[in-house]
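K.L.:
sequence first, predicted model second:
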Amino acid sequence: MQKVRRVISVIVMNESSVLARVSGLFAGRGYNIESLTVAPIPESQLSHITIVTNGSEKVIEQITKQLNKLIPTLKVIEHEEMVEKEMVLVKFPIDANLSDIQALCSAYNGGIVNVGLDMVITMVADEPVRVKNFIEATKRYNPIEIVRGGVVAIER
Amino acid sequence: MQMSGAQMVCEALIIEGVQTVFGYPGGAIMNIYDEIYKQDSFEHILNRHEQASVHAADGYARATGKVGVAMVTSGPGFTNAITGLATAYMDSIPMVVISGQVPLSLIGTDGFQEVDAVGISRPCTKHNYLVSDLADLPRIMKEAFHIAKTGRAGPVLVDIPKDITAEFGNFIYPKDVNIPTYKPKYKGNERQIKKASEAIKKAKKPLLYIGGGVVLSNASELVRELADFGQIPTVETLMARGVMGAKNPLLLGMLGMHGNYASNMAMSETDLVISLGARFDDRVTGKLSEFAKYADVIHVDIDPANIGKLVNVDYPIVGDITLVVEKLIEQLKDDINPDNYKSWREVLNRYDNLHPQSYNDSDEVIKPQWAIERIGELVGEDAIITSDVGQHQMWAAQHYPFDRPRQWINSGGLGTMGFGFPAALGAKKGCPDKIVINITGDGSILMNVQELVTASEYKIPVINIILNNHFLGMVRQWQTFFYDKRYSETDLSYQPNFKALAESCGGIGYDVTTKEEFDEALKDAIEKDIVCFINVAVDRFENVLPMVPSGGALYNMLLDHKE
């Protein structure tokens, strides 16, 4: 069956081991996790988990049903119409061409966020596909380290 | 009221109406056991292994419908309980297991008898708790019982660190449960029910497919009624034996890998599957693409995740079987003509006459199927039958005349050898007026044989009938059929003297080789009313038939096996 990519938001009680319940469910039932982010929802006892996964339609349906079954799960949102963003930090050596790097980052809605004695750190936050393109483009400037933040999404 | 955490646990059990707790003490749970010693509201049964405690609580729950309770200590006590939790989880049995844990300050330090209980049990419990604040304990106990028995039932673990049970605090047991994230759905969608009833009216070859959910929902009477006024042919899963009653003319039998011919053919030819509380297990469906190939499917289940998991469903209905079947009956009652399905019933009757569930009896050796039929003749409805896992389990499911729900107790989903004896202890504690018989094999019985001591000490007169073929019979059967008779590690010729073993623990033992001895032993065991082993020498190479080879289509059954 054809695999589809899906972004799923899970609203859960912000309590101990809730992340283990969610990630354990994926591991135990053989579902894929492409990325997973989690943070508390302000002024509530809830957390928002964003999971990017892939699988057949049947598998995706099972994933949402099984997530709903977890006792601390309040809501599962299978995103359709969404704004989707991902953040990435990239560290370059200081002797790289900084104006090139600055221009590259600007093209992806980012910029230089920190400069040290021997390195410079840039940040880009954009759609996951564009983040991937950005990372590809950085290769010619010999990045020292790349840290991706995982996808967050909000329904329109 | 001020009291210790340990007292709170006991108080909560008393408020929940718990009468029997099965368990085994140890370091981390001693404070609770100290409180158990001081109270006389509930009885504690000391099993001789934690696995048996959990199975006993499970058997109690299956026989009575109440929540079973077991108690174990941390570390190895808890890991021994895991098989019991997984068994109950697979069969949706309401249970609360309380485990001791090392003190909070030691958690994460690899302390003595420390193991991550909530971590290990997460995939095999409905929910679990680590109590990290005494103030949460009363609420957690209340929630544990609530979660265990509501929605799709299941086991809940409460892991309590030792210092929490020693600490004192204010005890107010909540009256109500308020879990905003847990709201099981009981009432089926009316529009879907209406559509489903229309489909039933239109069908030419409908088939009721009854699962363990009907037992759990206490809906057997209603399901019988539905089948009866529609005169709809019915098949039962392993977990639903007893729902329709063995004498019911609408019951074709059990379907699946060891289902009878008529049941499996009915599923292969039906045009409308009406699935009530069944979950399309692979042992039921065989090859999925051939399963109910010509049918639309109505699937009623309390767990939405069961619907559409394996088989595409045309009429999904999420809800409690009792409430949904009530509605279905309302919709259909005056508006269904039993004659509609007459020719379908006739076809199925012909199938049943063609290949009835049968076996070749013998005068020289006891056939295991004969033994099971004989138990049925001698005790019938009066008994609760538990079983272990293997050939004896399938023969019992095929040949025992089950007449009511909760009469048949076995580990269907997980297939746990060693389940039967402790589950029988639990069933007997829950239903002391019933004769409780564990039908077991010479392999399975040894997996919790220490319970002879428990049964003797507490005078729990469970009858264990060991269908002894000196083989790990079901695996041996597969080796015969599919592995060219290479009997790898399945010959159990070396075995204990079962009679002496039972007697050494304070029970009775019988060695049986003839039909007359079998009758005498069973009658004597019922009269003596103490725990016993009836060790029955049966035909070594008898096979469970019919059989659908693993992964095959239901209609491709091995009906006979010739050497």
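P.N.:
All right, it came through fine. Numbering: from 1, shown residues only, chains lettered A, B, ... in the order given.
K.L.:
residues contacting B:Leu545?
P.N.:
B:Leu545 is in contact with B:His258, B:Tyr359, B:Leu558, B:Leu559, B:Asp560, B:His561, counting by CB atoms under 8 Å, 6 or more residues apart in numbering or on different chains. The way it works is simple: take the backbone N, C-alpha and C, and place the C-beta from them, glycine included.
K.L.:
could you rerun that using 6 Å?
P.N.:
Contact criterion CB atoms under 6 Å, 6 or more residues apart in numbering or on different chains gives no residues in contact with B:Leu545.
K.L.:
kindly list the main-chain dihedrals of it?
P.N.:
Backbone torsions for B:Leu545, taken as degrees, to the nearest 10, come to phi -140, psi 150.
K.L.:
so which residues on chain A come close to chain B?
P.N.:
Within chain A, the positions adjacent to chain B are A:Met13, A:Gly24, A:Gly28, A:Lys65, A:Gln66, A:Lys69, A:Ile71, A:Pro72, A:Thr73, A:Leu74 by CB under 6 Å from any CB of the partner chain.
K.L.:
for these, which one is nearest B:Ala278?
P.N.:
Set against B:Ala278, the nearest of these by CB to CB is A:Lys65 (17.3 Å).
K.L.:
excluding chain neighbours, what is closest to A:Lys69?
P.N.:
What sits nearest to A:Lys69 in space, not counting adjacent residues and going by CB to CB, 6 or more residues apart in numbering or on different chains, is B:Ala305, at 5.5 Å.
K.L.:
from what I can see that neighbour touches A:Gln66, true?
P.N.:
Yes - counting by CB atoms under 6 Å, B:Ala305 does reach A:Gln66; the two are 5.5 Å apart.
K.L.:
show me which helix runs longest in chain A.
P.N.:
For chain A, the helix with the greatest residue count under DSSP state H is helix A:57-69.
K.L.:
run the chain-centre distance for stretch B:210-228.
P.N.:
In this view, stretch B:210-228 has its centroid 16 Å away from the chain centroid, taken as CA atoms, centre = their mean, to the nearest Å.
K.L.:
could you do stretch B:420-439 as well?
P.N.:
Distance of stretch B:420-439 from the chain centroid (CA atoms, centre = their mean) equals 13 Å.
K.L.:
again with stretch B:280-293
P.N.:
Using CA atoms, centre = their mean, the offset of stretch B:280-293 from its chain centre is 21 Å.
K.L.:
residues in contact with it?
P.N.:
Under the contact criterion CB under 6 Å, 6+ apart, stretch B:280-293 has outside partners B:Thr237, B:Gly256, B:Met257, B:Met267, B:Val273, B:Leu310, B:Val311, B:Val548, B:Gly551, B:Gly552, B:Ala553, B:Leu554.
K.L.:
point me to the residue of the stretch 401-550 of chain B nearest chain A.
P.N.:
The nearest approach of the stretch 401-550 of chain B to chain A comes at B:Leu414, 14.8 Å away (CB to the nearest CB).
K.L.:
ok, residue 148 - how many residues close by?
P.N.:
Let's take chain A. 15 (other CB atoms under 10 Å in any protein chain shown).
K.L.:
oops, chain B please
P.N.:
25.
K.L.:
and the pLDDT for it?
P.N.:
B:Ala148 is assigned a predicted lDDT (pLDDT) of 98.
K.L.:
give the contact list for it.
P.N.:
Going by CB under 6 Å, 6+ apart, B:Ala148 touches B:Val67, B:Pro94, B:Met95, B:Val96, B:Val156.
K.L.:
using CSV, write out every CA atom in the longest helix of chain A.
P.N.:
Provided in CSV are the C-alpha atoms of helix A:57-69 (Å, rounded to 0.1, in the frame of the first residue of the first chain):
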residue,chain,number,x,y,z
GLU,A,57,-3.7,5.1,5.2
LYS,A,58,-4.7,2.1,7.3
VAL,A,59,-1.6,2.5,9.5
ILE,A,60,-2.2,6.2,9.9
GLU,A,61,-5.8,5.5,11.0
GLN,A,62,-4.5,3.0,13.5
ILE,A,63,-1.9,5.5,14.8
THR,A,64,-4.5,8.1,15.5
LYS,A,65,-6.9,5.5,17.1
GLN,A,66,-4.2,4.1,19.3
LEU,A,67,-3.0,7.5,20.3
ASN,A,68,-6.6,8.4,21.3
LYS,A,69,-6.7,5.3,23.4
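K.L.:
and stretch A:62-69, how far from the chain's centre?
P.N.:
Relative to the centre of its chain, stretch A:62-69 is centred 20 Å away, using CA atoms, centre = their mean.
K.L.:
show me which parts of that stretch are buried, residue by residue.
P.N.:
A:Gln62, A:Ile63, A:Thr64, A:Lys65, A:Gln66, A:Leu67, A:Lys69 (16 or more other CB atoms under 10 Å in any protein chain shown).
K.L.:
quick one: mean pLDDT for that stretch?
P.N.:
For stretch A:62-69, mean pLDDT is 97.
K.L.:
give me the contact list for it.
P.N.:
A:Val10, A:Leu25, A:Tyr31, A:Thr73, A:Val76, A:Glu78, B:Pro304, B:Ala305.
K.L.:
just the buried ones among these, please.
P.N.:
The neighbour-count test (16+ other CB under 10 Å) marks A:Val10, A:Leu25, A:Tyr31, A:Thr73, A:Val76, B:Pro304, B:Ala305 as buried among the contacts of stretch A:62-69.
K.L.:
ok, the residue of the stretch 401-550 of chain B closest to chain A - contacts?
P.N.:
B:Ala86, B:Thr87, B:Met90.
K.L.:
quick one, domains of chain B?
P.N.:
B:2-170, B:190-354, B:368-537 (automatic domain parsing).
K.L.:
so which of the buried ones among the contacts of stretch A:62-69 belong to strands?
P.N.:
A:Val10, A:Thr73, A:Val76 (DSSP state E).
K.L.:
now A:Ile94, nearest residue through space, not along the chain?
P.N.:
A:Asp118 is the one closest to A:Ile94 (CB to CB, 6+ apart), at 5.1 Å.
K.L.:
per-residue confidence at the one you found?
P.N.:
95.
K.L.:
and it, how many residues sit next to it?
P.N.:
Close neighbours of A:Asp118, defined as other CB under 10 Å, add up to 9.
K.L.:
quick check: it touching A:Phe92?
P.N.:
No - with contact defined as CB under 6 Å, A:Asp118 does not reach A:Phe92; the gap is 10.2 Å.
K.L.:
for B:Asp163, which three-state class applies?
P.N.:
helix (DSSP: H, G, I helix; E, B strand; the rest coil).
K.L.:
how much space separates it from chain A?
P.N.:
17 Å (CB to the nearest CB, to the nearest Å).
K.L.:
quick one, phi psi at the nearest residue to that residue once chain neighbours are set aside?
P.N.:
Excluding its sequence neighbours, the residue lying closest to B:Asp163 (CB to CB, 6+ apart) is B:Pro103, at 4.0 Å. Main-chain dihedrals, B:Pro103, degrees, to the nearest 10: phi -60, psi 150.
K.L.:
give me every residue that touches B:Pro103.
P.N.:
If a contact means CB under 6 Å, 6+ apart, then B:Pro103 has B:Pro161, B:Lys162, B:Asp163 as its contacts.
K.L.:
show the buried residues in these.
P.N.:
Buried members of the contacts of B:Pro103, scored by 16+ other CB under 10 Å, are B:Pro161, B:Lys162, B:Asp163.
K.L.:
what's the closest of the residues you listed to B:Leu222?
P.N.:
Nearest to B:Leu222 among the buried ones among the contacts of B:Pro103, with distances taken as CB to CB, is B:Pro161, at 45.1 Å.
K.L.:
show me which of the contacts of B:Ala148 is closest to B:Gly507.
P.N.:
B:Met95 (27.0 Å).
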